[in-house]
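Chemist: Can you look at this prediction? I've put the sequence above it.
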Amino acid sequence: MTTMPEIMSDTQLQGYTDEQKYQVFNKEFMPHIDSMYNFAFRLTMDEDDANDLVQDTYLKAFRFISSFEQGTNAKAWLFRILKNSFINDYRKKSKEPAKVDYQDVETTYNSDEASETEHTTDLRFETVQDMIGDEVASALNSLPVDFRTVIILCDIEGFTYEEMAKILDIPIGTVRSRLHRARNLLKDKLKEYAASMGYNKNDD
Amino acid sequence: MSGTLHSSTTVGMEGRQATTPKKESCDQQAKCLKRIQSILDGGATDEEKQYFKDHIEVCQPCIDMYNLEKCIKEALQGKVEKKCCPEKIAAAIQAEITK
């Protein structure tokens, strides 16, 4: 299993020389820049904010490079820094409400187990197969950011539950339940979208 | 990463002509959905995998859920545009760290 040291941890300081720092940075960090940008863009929904967020994250990663242990999961380590920067610096000024309402949504979905099943019944996989990427992206973008985040990490970036737990600083059980709820919401959005586009006309 | 079972096809399609009737309702749908998601995410326990194997071929609602979940996951992976980082950003980062 990979480990992901705390950014500020001083327990595993690596004594990199300047040259080694650049080497690690270019070999381990830079290859993930497109994934990082895509994550930043899907979080902020804005190209300029995504540019800033990626730059800030990489500069932080360089500053704290001594707490990165070579051979461990660089991508997850970088995603964690990006997610924290987003929460601390960007969420405040983004168009989304400062107090994100996912807690409410989470509670609502928690309180009604039965409704979770109903969500799955009348969206057909053929309908989703017929949709184009932009339609799926619109549905994803319409989710509250915490739900959007778990879907991006899991389905788009392919992180494991364990990696997601570390990136998000939440227990694995919470990762699973948040994903479950995020997907129910996404299915609702896809269903609404399909209905508005007349995708379901061949339903029998 | 994604499911190890039926990774490139939907399940149950051939079953429409099969002689054994499938369960038309599932009394554990919410639980089954969670299991199905764990399987597709590659995060299922052995127990979950075994239950899924025993259950999936005989329960029509679970087959439908599996196909839908898999299809959504594939759409997210394959159809949603992946934005690439502008080159000027990578260049700006390099310039900043080598200052």
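Modeler: Great, that's in hand.

Chemist: Where in chain A is the helix or strand with the lowest mean pLDDT?
Modeler: helix A:113-121 (a mean of 46; mean pLDDT, DSSP states H and E).

Chemist: I'd like the next helix or strand past it.
Modeler: Elements were assigned by DSSP states H and E; along the chain past helix A:113-121, the next helix or strand is helix A:125-130.

Chemist: same for that next one, what does it pack against?
Modeler: Applying 3 or more C-beta pairs under 8 Å, 6 or more residues apart in numbering or on different chains; DSSP states H and E, one finds that helix A:125-130 contacts helix A:172-197, helix B:60-78. All C-beta spots, glycine's among them, are computed from the backbone N, C-alpha and C.

Chemist: what about A:Pro31, neighbour count?
Modeler: 11 (other C-beta atoms under 10 Å in any protein chain shown).

Chemist: Looking at the helices and strands packed on helix A:125-130, which one is packed in the most?
Modeler: Sort the helices and strands packed on helix A:125-130 by mean neighbour count, taking mean count of other C-beta atoms under 10 Å in any protein chain shown, and helix B:60-78 sits at the top with a mean of 21.

Chemist: So for chain A, which residue is the most central one in space?
Modeler: Taking C-alpha atoms, centre = their mean, the centroid of chain A lies closest to A:Thr149, which sits 2.9 Å from it.

Chemist: what's the closest of the helices and strands packed on helix A:125-130 to A:Asn73?
Modeler: Of all these, helix A:172-197 sits nearest to A:Asn73, with 15.8 Å by C-beta to C-beta.

Chemist: so B:Lys73 makes contact with A:Asp155?
Modeler: Yes. With contact defined as C-beta atoms under 8 Å, B:Lys73 counts as touching A:Asp155 (5.2 Å).

Chemist: before we move on, the earlier item: could you dump the helices and strands packed on helix A:125-130 into JSON lines with mean pLDDT and distance to A:Lys166 added?
Modeler: JSON lines is the format used below for the helices and strands packed on helix A:125-130 (pLDDT from 0 to 100; distance: least, C-beta to C-beta, whole Å):
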{"stretch": "helix A:172-197", "mean pLDDT": "93", "distance to A:Lys166": "10"}
{"stretch": "helix B:60-78", "mean pLDDT": "94", "distance to A:Lys166": "22"}
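
Chemist: All set, thanks.
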